[in-house]
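1. Build me a model:
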Amino acid sequence: MNQTEMLHQMFHDVLAEADVRAICKNRGLPNQAASSRSMLEALFLSDQGVADAMRRLDRTEIALLHLLRAQDKPVDIAFFSRLDPRQTERRSYGTFSQRYQEVFTRVKDRLVRAGVLLLALGRESSTKTTKMERWQFALPVQWARHLPPLIESAKRLSGEGDWRADVAREKLKTALGEGADRETKNDAVEIVDGELRWGGQPFQADRVVKWQKLQWQAETRPAEIQKQAAPYTWPPAEALLRILAGLDAELWTDADALAVPLESFCGSRVEAGTLCESAWRWGFLARQEAEGRTWYRLAPSAAADTPPDRYLTVRGDEGVAVNLDAVPFEVLETLVRTSDQRAVPGKLPLLLVTPNLVKLGRATDAVVALPLFDWLRKNAKAFHQALETVRQRRGKTILHENLSVARVRDLSLKVALEKALGGQVVSLGEEFLAFPADEIAGVRRIVAQMGHVVKEVGHRKP
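-> Just a heads-up that it's a prediction; the model follows:
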């Protein structure tokens, strides 16, 4: 049911006269609207009185409206179970209607009659047969800007605080042989066939954040398991990030101010101080001390527009050294997609990148136009020559020398060849593969191992 349908049903089929009068009073709408459902329907979605009505709500109600805003569809009455402290005890006995009657009464009195929530009755289904189960609630999307701040006592502090920017980078540097990587193969960082890989795939920036989040969530998992029975709950880690994402620039919060929002998002009490410290250890939060308390906010991310000379160094004709302590992860991903990589011995965590014509040829014009490649073109001779070659050939049909093409009809054999050749193979449609001619001996060996026979056509130069 969409917002327009809910609005019409709410004023023509659901609300009683007392409800309509209460909405007009709480929103400061004209008295005439109380006697005309059509007029009230037209006026309801205006901004008049919305901000004032929301400011009269308590902190739990405000937190639930923020959570409701994050939903992509209307919710049922179970969403508001946090409004009744005894709901956890009631969840184990009684019918659905008995368990949620008091919650429904409060929602209607405090939110619907306040004029800040839509209420409608959904269709009967095989799983939702009673009226209590079919009630649907939604927050009009245009009212999100009127929501009071989720965190009540945020404080403006100077300074950036401290955060652990090295958490993911220490993991990344295990590819250079620095430290032991105790992760499973799915999260191993290594250089394979001249390519930096994470979990067996070419490095991607979002994989770093996913890994950090999984490590952090592992520390909060025992608390999460206890909350699985509650409806519409978020894991504590996800809830904390969502809540802090709403903080304005330069604002900080302490753990006490996070208690109510976290409880509303997670469905039960969360030890906010412990959760924040865990988030800080895994690099998600910045913190600083002020007025005898610890204050938190989201840690800043490495700016993708950091000047390349902050993390790149030309090493003569060898290539370009990348400082893994400073390179933005989005930039590193672009370099992996357009170059070959290998570790550089020494005290600094350096990765040597050299241009790969095949990878550069696959890059889009938008990628090659990035400031990164402008710097490489101007400062690194090898990249200048490679980028010029790609520019001259772009849009043209290129006849490659020393290239073999194989027709492979067996899917399992094709997959095995692609896995073995890695970045040296190019798929040419469903049945054909192209690869360097000097790899043909290895291809023959794999074909034989899988019980197939090579049928050679044409002439190959010695």
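2. Sketch out the low-pLDDT regions of the stretch 301-450 of the chain for me.
-> Scanning the stretch 301-450 of the chain for pLDDT under 70 picks out the ranges 302-304, 395-400.
3. which SS state does Arg110 fall under?
-> Recorded secondary structure, Arg110: helix (DSSP: H, G, I helix; E, B strand; the rest coil).
4. Could you tell me which residues make contact with it?
-> Residues in contact with Arg110 (C-beta atoms under 8 Å, 6 or more residues apart in numbering) are Leu57, Glu61, Leu83. C-beta here means a position set from N, CA and C on the backbone, and glycine is covered the same way.
5. Repeat the analysis, applying 10 Å as the threshold.
-> If a contact means C-beta atoms under 10 Å, 6 or more residues apart in numbering, then Arg110 has Arg56, Leu57, Asp58, Glu61, Phe80, Leu83, Val116, Leu117 as its contacts.
6. same question, His146
-> Applying C-beta under 10 Å, 6+ apart, the residues near His146 are Asp47, Gly49, Val50, Ala51, Asp52, Ala53, Met54, Arg55, Leu65, Val116, Pro140.
7. Likewise for Asp13?
-> Residues in contact with Asp13 (C-beta under 10 Å, 6+ apart) are Arg37, Ala120, Leu121.
8. Looks like the second one contacts Met10 (just checking).
-> When you say that, I think you mean Ala120. Yes - the pair Ala120 / Met10 is scored as a contact, 5.6 Å apart, by C-beta atoms under 10 Å.
9. quick check: mean pLDDT across the helix ranked longest in the chain?
-> The residue-count maximum for a helix in the chain (DSSP state H) belongs to helix 205-226. Per-region confidence: helix 205-226 scores 77 on mean pLDDT.
10. so where does Trp295 fall, helix or strand?
-> Assigned by DSSP states H and E, Trp295 falls within strand 293-298.
11. next one: Leu351
-> Assigned by DSSP H and E, Leu351 belongs to strand 350-355.
12. picking up where we left off before, between Ala120 and Met10, who's got more neighbours?
-> Neighbours per residue, other C-beta atoms under 10 Å: of Ala120 and Met10, the larger number sits with Met10, 25 against 20.
13. same for the longest helix of the chain, what does it pack against?
-> helix 167-172, strand 189-192, strand 195-198, helix 236-245, helix 255-266, helix 272-281, helix 329-338 (3 or more C-beta pairs under 10 Å, 6 or more residues apart in numbering; DSSP states H and E).
14. and if we set it to 6 Å?
-> helix 236-245, helix 329-338 (3 or more C-beta pairs under 6 Å, 6 or more residues apart in numbering; DSSP states H and E).
15. Now tabulate those helices in a markdown table and tack on mean neighbour count and distance to Val75.
-> Listed next are the helices and strands packed on helix 205-226 as a markdown table, based on neighbours: other C-beta atoms under 10 Å; distance: least, C-beta to C-beta, whole Å:
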| stretch | mean neighbour count | distance to Val75 |
| --- | --- | --- |
| helix 236-245 | 21 | 16 |
| helix 329-338 | 21 | 36 |
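16. Val367 is nearest to which of those helices?
-> Among those, helix 329-338 comes nearest to Val367, with 6.4 Å by C-beta to C-beta.
17. Name the surrounding residues that touch that closest one.
-> The contact list for helix 329-338 (C-beta atoms under 6 Å, 6 or more residues apart in numbering) reads Leu196, Pro202, Phe203, Gln204, Ala205, Val208, Ala304, Val353, Lys359, Leu360, Ala363, Leu372.
18. Separate out the buried members of those residues.
-> Buried members of the contacts of helix 329-338, scored by 16 or more other C-beta atoms under 10 Å, are Leu196, Pro202, Phe203, Gln204, Ala205, Val208, Val353, Lys359, Leu360, Ala363, Leu372.
19. Name the nearest of those relative to Gly292.
-> Within those, distances to Gly292 taken as C-beta to C-beta reach their minimum at Val208, with 35.0 Å.
20. Hmm, the closest one is touching Ala168, no?
-> Yes - Val208 is within contact range of Ala168, at 4.6 Å (criterion: C-beta atoms under 6 Å).
21. what's the offset of stretch 44-51 from the middle of its chain?
-> When distances are taken as C-alpha atoms, centre = their mean, to the nearest Å, stretch 44-51 is centred 32 Å away from the chain's centroid.
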